[in-house]
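Enquirer: 3D model of this:
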Amino acid sequence: ESAWQNVDPDQDATRQFILEDLDPGKKYEVKVEARSSGSKSVSSMMQGNFKTAPSANEPADIKFMAVTCQEYHDRDYGSKGFKIYDHMLRRQPDFFAHTGDVVYYDQRAKNLDLARWHWQQVYSFPALVEFHKQVASYFMKDDHDTWMNDCWPGMQTRFMGDFTFEQGRQLFLDQVPMGDKTYRTYRWGKDLQIWLVEGRDYRSPDTMPDGPDKTIWGAEQIKWFKDTVSASDATIKVLISGIPLVGPDRPQKMDNYANKSFRTEGEMLRKFIETQPNMYIVNGDRHWQ
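Expert: Residues are numbered from 1 along each chain as shown. The predicted structure follows:
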């Protein structure tokens with residue numbers, strides 16, 4: 001049981017609790033209670049559950065799901081949201097990964113309040129609420145849920161009104177469960193290890209000429225990725241990336257490792273991954289294919 005904690009209206013009344021000393025390979029039930037400030041009466045309550053990952057020496061049959069590009073206007077389940085969440089829940093995955101573009105700010109989020117409204121819209125859908133009450137989930141961000149299409153730190157535009165890149169980066173951290181860094185690796189039993197990488201925070205401008213100094217992941221993340229992959233003894237290694245590493249892509253695109261604009265770093269990463277036995281890539285962004 002945790003102590004009561006305040007929520008901040010300036011952070012959309014969100015609050016994250018870190019659960020420590022959990023046993024591996026177990027199902028945990030969770031009950032979250034809320035009450036008004038200064039009151040001792042519980043005003044609302046929600047229950048759910050999740051599985052923890054098996055220990056690294058335990059063989060396990062692991063099933064996980066990954067999705068990308070969750071546009072509110074593409075919902076196909078009426079007031080319930082998206083049909084895919086019911087289908088995934090019936091398959092009973094051990095965990096779930098959203099590879100980014102969780103919401104799309106571009107057209108309507110011209111200030112911070114409107115950006116928060118995008119999260120309230122999507123995550124009030126009953127199909128999503130029911131799914132996330134029962135499935136351990138990892139979230140990654142890409143361009144549309146950071147700020148706008150093909151964005152990078154320091155980019156200048158009037159298109160997003162009063163809403164800034166830095167606000168978008170912080171808003172993502174407010175809305176989803178996250179540790180110290182947005183790039184992470186997790187072991188799911190003896191045979192599976194996953195890597196979730198950060199593709200927006202450290203990147204060079206898309207318009208910068210390609211070369212050894214142009215980056216998407218940044219030097220620190222690349223070193224971490226190579227070191228942790230090389231040290232892993234997992235049978236299967238899966239890189240989960242918000243953007244593609246392998247083409248072909250549309251010729252006009254300049255935003256990912258499948259494009260000529262980031263060819264130098266992309267080739268370096270592809271050659272490294274090629275040396276790893278049983279390493280696979282799951283990428284987001286490709287709804288247009």
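
Enquirer: Look at residue 101 and give its secondary structure.
Expert: coil (DSSP: H, G, I helix; E, B strand; the rest coil).

Enquirer: right, and it touches residue 143 too?
Expert: Yes: with contacts counted by C-beta atoms under 8 Å, residue 101 reaches residue 143, the gap being 7.2 Å. In this view, the C-beta of every residue, glycine as well, is placed from N, C-alpha and C.

Enquirer: any residues touching the helix or strand hosting residue 137, and which ones?
Expert: Assigned by DSSP states H and E, residue 137 belongs to strand 136-139. Applying C-beta atoms under 8 Å, 6 or more residues apart in numbering, the external contacts of strand 136-139 come out as 50-52, 94-98, 102, 172, 176-178, 184, 186, 196, 240.

Enquirer: go on, stretch 160-175?
Expert: 11-12, 14, 105-106, 109-112, 114-116, 119, 139, 141, 145-148, 151, 153-155, 182, 200-201.

Enquirer: which helices and strands does the helix or strand encompassing residue 31 pack with?
Expert: Assigned by DSSP H and E, residue 31 falls within strand 27-34. The contact analysis (3 or more C-beta pairs under 8 Å, 6 or more residues apart in numbering; DSSP states H and E) places strand 27-34 against strand 44-51.

Enquirer: and the following helix or strand past the strand it packs on, what does it pack onto?
Expert: Next in sequence after strand 44-51, counting helices and strands by DSSP H and E, comes strand 64-67. In terms of contacts (3+ C-beta pairs under 8 Å, 6+ apart), strand 64-67 is packed against strand 95-98.

Enquirer: what mean pLDDT does the strand it packs on have?
Expert: On average, the pLDDT along strand 95-98 is 98.

Enquirer: got the buried residues for the following helix or strand past that strand?
Expert: Going down the chain from strand 95-98, the next helix or strand is helix 112-122, by DSSP H and E. Using 16 or more other C-beta atoms under 10 Å as the test for burial, helix 112-122 gives 112, 115, 116, 118, 119, 122.

Enquirer: Please apply the same query to stretch 123-131.
Expert: 125, 127, 128, 130, 131.

Enquirer: Using PDB, write down the CA coordinates of that stretch.
Expert: Output in PDB follows, covering the C-alpha atoms of stretch 123-131 (Å, rounded to 0.1, in the frame of the first residue of the first chain):
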ATOM      1  CA  TYR A 123      -7.700   7.300 -23.300                       C
ATOM      2  CA  SER A 124     -11.300   7.700 -22.300                       C
ATOM      3  CA  PHE A 125     -12.300   5.100 -25.000                       C
ATOM      4  CA  PRO A 126     -13.700   2.000 -23.100                       C
ATOM      5  CA  ALA A 127     -11.700  -0.400 -25.300                       C
ATOM      6  CA  LEU A 128      -8.400   1.200 -24.300                       C
ATOM      7  CA  VAL A 129      -9.300   1.600 -20.700                       C
ATOM      8  CA  GLU A 130     -10.200  -2.100 -20.400                       C
ATOM      9  CA  PHE A 131      -7.100  -3.200 -22.200                       C
END
